[in-house]
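*Asks:* Can you look at this prediction? I've put the sequence above it.
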Amino acid sequence: MCEPTDAELDALLTARPGMCRAQLRLLVGGWAPPPPGAVPWAGAEPRARRRAELADAFPGEWLVVPSGRPQRRCNDLLYPFRPGSDFTWLVGDDEPGSVLVVDPWGASTLYRDERPALGDPLSLLDGHRGAFWAGQPTPSPVVAAELGLPVLPLSLLPGVLADAGPVRAIHGLDADVDAAIPNSDASAELPRTIARMRLVKDTHEIALLRRTAADTVAGFEALAAALPAAVALGEAHLEGVFARHARTVGHGPAYNCVVGAGDNATVLHWMRNDGAVRADDLVLVDAGVEGAERYAADVTRTFPASGSFTPEQRAVYDVVFAAQEAALALVRPGATLRDLHAAAMDVVGAGLRRLGVLTDEVAGELTDAQTAVRWMPHGIGHMLGVDLHDCMAVATEWMTAPLEPGHVITVEPGVYLSPHDAHVPGHLRGIGVRIEDDVVVTEDGYENLTVALPRSSDDVERWIASINARGAA
């Protein structure tokens, strides 16, 4: 067991003048060290391959990838920490302040800001990092065995970087790294290279995405079951239902959920989630679980709160469903997200003309697909992985580049008919619909990871009815 020295107790007395020496000895001393041993981790092997590939991309150079630092929420309170996605993809450790260094010879080392353990006086004094407040840290030798790379104290890193030649780093996550390594065009190429490497998912990643998608499907089933209660309790109740589920099965929601009922469903990023839910409303929910190793799902469904679409709601919903079907039919290697988007916009434009929303007077010299941008102003989808909007450092490339096996994308058309839109016939105003699924590009087509959630209007109604029947039973 660890016992404090007299010098350590003297330092504690200075920092904690309201306590006596006996109290401090009681608080700091008598703690047993954590047991040794590491649990084998399946994520270590693919990350070793990724680090080797990154080293090969920059031969003879120093590369620095920090995990980041916790962000202040208010006063002395911090937000829950989430490591930077590049660090997660290359290392997999969740400890803040850690830094991965790849040296010019291709060797990787993790410099880790190990928190003060029980028995260390700082375990009591450091209210954010000390084990007394934040839990006993995992010893570095155990972390090294789990992650499959050497782990050294973070305090050694400044000396290593001082003797290094030109260094590329990921900036914006750790002020100490930013201060030590000036940002430059050379550094800017590092996140772009990692993003290109992250585009094609390996089998380990796809397995994680399948699991996260399945957990998200279960969350949407819980949302459907909660619709009757939401009519009394509002959008916030639905947000809470999903948040509880996501935290139970994973790290929590992968992003701020969108829960929009009635008019709020026409607001693309409605995240206040504080509105009422009426029995005749459509409820648009955009939500996903952040699962194991931080992999995300991103799903949207639009439910009739009553369990049945009105004729007007069904008419708009069926346009969006047809647009998604048209986009999904094109998903295969060689197609582009731009191709998918164009196919969806053609269907949306034609559908809105049938509904009397899109008219010659509104369109003028524009095509119907060009005019439909007013009611579907977003793209058809994006890459998905460790980040919700994955690989954004090279978004201008993947938006137009051919899809490849192993790409994971969302397909998410929508139509938003604002209650304030004078171009929309009165009986259709206040209807917002989006349908979104997570899709893996395969050798000859695609795999819909969220196929278990119904998509057509008829299937959605039958699904809600079956859930309500189970609840009543």
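*Replies:* Perfect, thanks for sending it.

*Asks:* How about G43: what's its closest non-neighbour residue?
*Replies:* Ranked by CB to CB, 6 or more residues apart in numbering and with sequence neighbours excluded, the top spatial neighbour of G43 is G92, at 4.9 Å. Any C-beta I mention is one placed from the backbone N, CA and C, and that applies to glycine too.

*Asks:* Can you list the buried residues in the top helix by length along the chain?
*Replies:* In the chain, with assignment by DSSP state H, the single longest helix is helix 203-225. For helix 203-225, the neighbour count (16 or more other CB atoms under 10 Å) marks 204-206, 208-221, 223-224 as buried.

*Asks:* got it, and stretch 318-331?
*Replies:* Across stretch 318-331, burial judged by 16+ other CB under 10 Å covers 318-328, 330-331.

*Asks:* Could you tell me which of those residues belong to helices?
*Replies:* Per DSSP H, the buried residues of stretch 318-331 map to helices at 318-328.

*Asks:* and those residues as a markdown table, adding pLDDT?
*Replies:* Formatted as a markdown table, these follow (pLDDT from 0 to 100):
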| residue | pLDDT |
| --- | --- |
| D318 | 98 |
| V319 | 98 |
| V320 | 98 |
| F321 | 98 |
| A322 | 98 |
| A323 | 98 |
| Q324 | 98 |
| E325 | 98 |
| A326 | 98 |
| A327 | 98 |
| L328 | 98 |
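
*Asks:* contact partners of stretch 264-272?
*Replies:* For stretch 264-272, the surrounding residues in contact (CB atoms under 8 Å, 6 or more residues apart in numbering) are 235, 256-260, 275, 281-284, 302, 377-378, 414, 416-419, 430-433.

*Asks:* go on, stretch 74-91?
*Replies:* Residues outside stretch 74-91 that contact it (CB under 8 Å, 6+ apart): 47, 50-51, 54, 65-68, 70-73, 93-94, 96, 98, 100, 110, 127-128, 147, 149, 170, 173, 191, 194, 198, 251, 293-294, 386-387, 390.

*Asks:* switch the cut-off to 7 Å
*Replies:* Residues outside stretch 74-91 that contact it (CB atoms under 7 Å, 6 or more residues apart in numbering) are 47, 50-51, 54, 65-68, 70-73, 94, 96, 100, 110, 128, 147, 170, 173, 191, 194, 198, 293-294, 386-387.

*Asks:* ditto for stretch 108-124
*Replies:* When contacts are defined by CB under 7 Å, 6+ apart, stretch 108-124 is touched by residues 2, 4, 8, 11-12, 27-28, 31, 51, 91, 93, 95, 97-102, 126, 129-132, 134, 136-137, 140, 143, 147, 149-154, 156-157.

*Asks:* Show the residue spans covered by the strands in the stretch 301-450 of the chain.
*Replies:* Ranges of strands in the stretch 301-450 of the chain, per DSSP state E, counting those that start in this stretch, are 408-411, 414-417, 431-434, 437-441, 446-448.

*Asks:* Which neighbouring elements make contact with the first one?
*Replies:* Applying 3 or more CB pairs under 7 Å, 6 or more residues apart in numbering; DSSP states H and E, one finds that strand 408-411 makes contact with helix 311-328, strand 437-441.

*Asks:* before we move on, back to that, and of the ones in helices among the buried residues of stretch 318-331, the nearest to A401?
*Replies:* Nearest to A401 among these: A327, at 16.9 Å, using CB to CB.

*Asks:* and the closest one, what does it touch?
*Replies:* By CB under 7 Å, 6+ apart, the contact set of A327 is 340, 343-344, 380, 411, 413.
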